[in-house]
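> what follows is a predicted protein model with its sequence.
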Amino acid sequence: MYDTILIPTDGSRGTDQAIANGLDIATQYDATVHALCVIDTAQLLDLGYFGDRSDFETRIEPLENEAKRAVGDVKARSEQRDVDVITIVREGEPYETIMSYVDDADVDLIVMGTHGRRGLSRYLLGSVTNRIVRTADVPVLTVRMTED
């Protein structure tokens with residue numbers, strides 16, 4: 001039923017339950033998981049980026065490291081379950097990048113949390129999830145985050 005499962009992650013604790021659910025489903029269906037973290041390049045504008053390319057590289061490097069850690073966490077958690085995981089880090093607008101990846105990778109199921117990081121980013125992920133639920137052509141499993 002599911003061969004390719006996409007788990008978008010921002011590396012926050014809020015995505016832990018979504019990752020666990022996605023890996024459970026992948027185990028049940030012997031599916032491959034694609035762990036995707038999108039570096040929101042518009043976030044650099046929020047950080048005050050208006051410089052040249054070298055300044056951009058300086059500001060994006062920590063975000064790239066965080067994204068690699070986020071998808072690496074999914075991969076590490078999958079090894080205990082014998083699930084194949086492909087890790088992907090992309091730059092762009094999260095909603096558009098996720099939806100583009102769904103088409104490119106022929107994703108069968110998206111598993112994602114309802115919220116991510118605290119503060120503004122938390123609500124932005126929630127709005128990304130909402131847009132994906134409303135527009136995706138494949139099933140989307142949303143996992144409600146708990147306070148603990």
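Perfect, I can see it now. Only a predicted model underlies this, so the values are computations on that prediction, with no experimental measurement involved.

> partners of the strand or helix carrying E91, with directions?
Under the criterion DSSP states H and E, the helix or strand holding E91 is strand 85-92. Note on strand 85-92: by DSSP bridges, its sheet partners are strand 32-40 (parallel).

> any idea which helix or strand comes after the helix or strand of the chain with the lowest mean pLDDT?
Confidence across the helices and strands of the chain bottoms out at helix 42-46, with a mean of 64, counting by mean pLDDT, DSSP states H and E. Sequence-wise, the next helix or strand downstream of helix 42-46 (DSSP H and E) is helix 53-79.

> what residues sit buried inside that following helix?
R59, I60, L63, A67, A70, V71, G72, D73, V74, R77, S78 (16 or more other C-beta atoms under 10 Å). Backbone N, C-alpha and C define where each C-beta goes, glycine included.

> ok, of those residues, which one's closest to T87?
The shortest separation between T87 and any of the buried residues of helix 53-79 is 3.8 Å, and it belongs to V71 (by C-beta to C-beta).

> how big is the angle separating the strand holding E91 from helix 53-79?
For strand 85-92 and helix 53-79, the angle between their directions (axes from the mean of the first three to the mean of the last three C-alpha atoms, to 10 degrees) works out to 160 degrees.

> check which element follows strand 85-92 along the chain.
As assigned by DSSP H and E, the chain's next helix or strand after strand 85-92 is helix 94-104.

> following element in sequence after that following helix, please.
Counting by DSSP H and E, what follows helix 94-104 is strand 109-113.

> that next one pairs with which strands, parallel or anti?
Strand 109-113 pairs in its sheet with strand 4-8 (parallel), strand 140-143 (parallel), by DSSP bridges.
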